[in-house]
Every structure is written in C-alpha cells, then in structure tokens.
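A.B. asks: no FASTA, just this:
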Ligand SMILES: [Zn+2]
C-alpha cells in the first residue's frame, strides 16, 4: 500500500476555485475519514483588481490562504505546482506533472473544473480541466505512456470517477447541507479574494447558489457536478 494514497484528488486551477467548486463535499469526505489531496496548478499572481498589488507578494498570500482553507476542511496535503496565473498551457510537461501525482496518490475520485463551459471561461480553468482529464485517461492508465515513471516505481493507475465543477451539464448533486458552514469558512480564508465582501452578503449569495443547485433533490443545499464514471469496479 502506498503510504501517500488518497481517495480524492482535487485539481484546482487557482487558489480559491476548489473552495467555490467542491469545498462542501470535501468537508463531507474528510468527515467520513477520506484522505483528500489538493493540487493547485497556478500561483494566483494576477487575479486581482488591486492596482497596488505586487505579483510576488500575491503568490505568498494566496499560498497561505489556500493552506488555511485546506486545513479548515481537513485536506491532508496541498501541492503547489506554481505555474503562472493566466499562464497555464496544455503541455506535455504539465500533463506529466499531473500523471505523476495521480500515480503517487492513486485517487478513486478526481475533481476539477469542467473544461467545456462555453464562452466566457477562464483560460486556466479550461486548460486545467482538459489536461486533468487527459492525465487521468489514458496517460495515468498505460504502462507504456511514461517508461521513466515506471522506473521510478510509479505504476499505472485507474481513476474510478471524475467530478467536474462549474458544469453546464449537471448530472450529479452532492449534499452539502451539513457542511455548508465549513465551505463558507474555507472560502473566507481567501481574504485577498473575498475579504471585501461582507460576511452576511457572502453567505446569502453562497446559500442561494447552493439552494439552486439542490433543486429537485430532497436536501437543501448542493454542489453540482458533471460526473463521469470511468471504470466500474468490476472492470478495474
Ligand atoms: Zn480560477
């Protein structure tokens, strides 16, 4: 058994996207005893409207905020890949970084941004989502994809399911009624991004958003995803 194994890997384009997308579900998973690891693709050094902000200071702040948010949710580990904000590209190197991590942590579930959201969608979100999907299938799966990783002892791994947040094609809703307050807390850790919004306003906005996502379900608040089951257990 790999000592680093985690049941869930969350690949987030920027610091804070995971909190918007899946934090309520992450809190539920960690409460259930699941190991969750975060992979933060970019360092968030450009996403600000503060004209006094300096990129290198932002990187440090965003990293600390992301660590605090992850800690509050019970996430086991946070890996910062450190790509420049607005600089993520679909490259063999980035894909291999993700394959390496998938083979180290061997998650059952991978969560990321839906790359197929239309029109106005952050380029980093589109690329992070697409490269994660590619890394999961087929690159993490095949022996011959990376002979050098094999030599390092990083064997192929089959991820069971992918959840994509911010999808326009929702087919799975996760109950976050009991963990909504933890999601709100985690989001508030990103002070440089949401600190200017009064708590009541942020909470009301978030609650309404997740009530809408729960429409048609027998619970009150949901996070909504497009879910793809790649390997059924009997096929693995
Ligand atoms: Zn983002």
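C.D. replies: Looks like it arrived, so ask away. Computed from a prediction, not measured in an experiment: that's the story for all the values here. Numbers count the residues shown, from 1 in each chain.
A.B. asks: In terms of secondary structure, what does the helix or strand hosting residue 80 contact?
C.D. replies: Element membership for residue 80, per DSSP states H and E: strand 77-83. Where contact means 3 or more CB pairs under 8 Å, 6 or more residues apart in numbering; DSSP states H and E, strand 77-83 is packed against strand 36-42, helix 55-73, helix 92-105. (C-beta placed from N, C-alpha, C; glycine too.)
A.B. asks: so who does the residue in the chain positioned nearest to the ion touch?
C.D. replies: Nearest residue of the chain to the ion (CB to the ion) works out as residue 14 at 3.5 Å. By CB atoms under 8 Å, 6 or more residues apart in numbering, residue 14 lies in contact with 40-42, 44, 47, 62, 85, 122, 124.
A.B. asks: Among those, which one sits closest to residue 98?
C.D. replies: Of all these, residue 41 has the smallest distance to residue 98: 8.6 Å, by CB to CB.
A.B. asks: mind checking which helix or strand the residue of the chain closest to the ion is in?
C.D. replies: Per DSSP H and E, there is no helix or strand for residue 14.
A.B. asks: what separates it from residue 222, distance-wise?
C.D. replies: 23 Å (CB to CB, to the nearest Å).
A.B. asks: rewinding a little: looking at the contacts of residue 14, which gets the smallest pLDDT?
C.D. replies: pLDDT across the contacts of residue 14 is lowest for residue 47, at 77.
A.B. asks: can you tell me which helix or strand the residue lying closest to it once chain neighbours are set aside belongs to?
C.D. replies: What sits nearest to residue 47 in space, not counting adjacent residues and going by CB to CB, 6 or more residues apart in numbering, is residue 85, at 5.8 Å. Residue 85 belongs to no helix or strand when assigned by DSSP H and E.
A.B. asks: and residue 85, what does it touch?
C.D. replies: Contacts of residue 85 (CB under 8 Å, 6+ apart): 14, 42-47, 124.
A.B. asks: Apply 6 Å and report the result again.
C.D. replies: Applying CB atoms under 6 Å, 6 or more residues apart in numbering to residue 85 gives the contacts 42, 44-47.
A.B. asks: Repeat that for residue 58.
C.D. replies: Taking CB under 6 Å, 6+ apart as the test, what residue 58 contacts is residue 45.
A.B. asks: Could you report the pLDDT at it?
C.D. replies: 89.
A.B. asks: returning to what we had before: among the contacts of residue 85, who's most crowded?
C.D. replies: Among the contacts of residue 85, residue 44 has the most neighbours (other CB atoms under 10 Å), with 30 neighbours.
A.B. asks: was I right about it contacting residue 62?
C.D. replies: Yes: with contact defined as CB atoms under 6 Å, residue 44 reaches residue 62; the gap is 3.8 Å.
A.B. asks: between these two, what contacts are shared?
C.D. replies: residue 15.
A.B. asks: circling back to that earlier point, quick one: the residue of the chain closest to the ion from residue 36, how far?
C.D. replies: Taking CB to CB, one finds residue 14 at 18 Å from residue 36.
A.B. asks: try residue 59
C.D. replies: Taking CB to CB, one finds residue 59 at 23 Å from residue 36.
A.B. asks: So these two - more neighbours on which side?
C.D. replies: residue 36 (26 against 20).
A.B. asks: residues contacting the more buried one?
C.D. replies: 8, 26, 29-30, 75.
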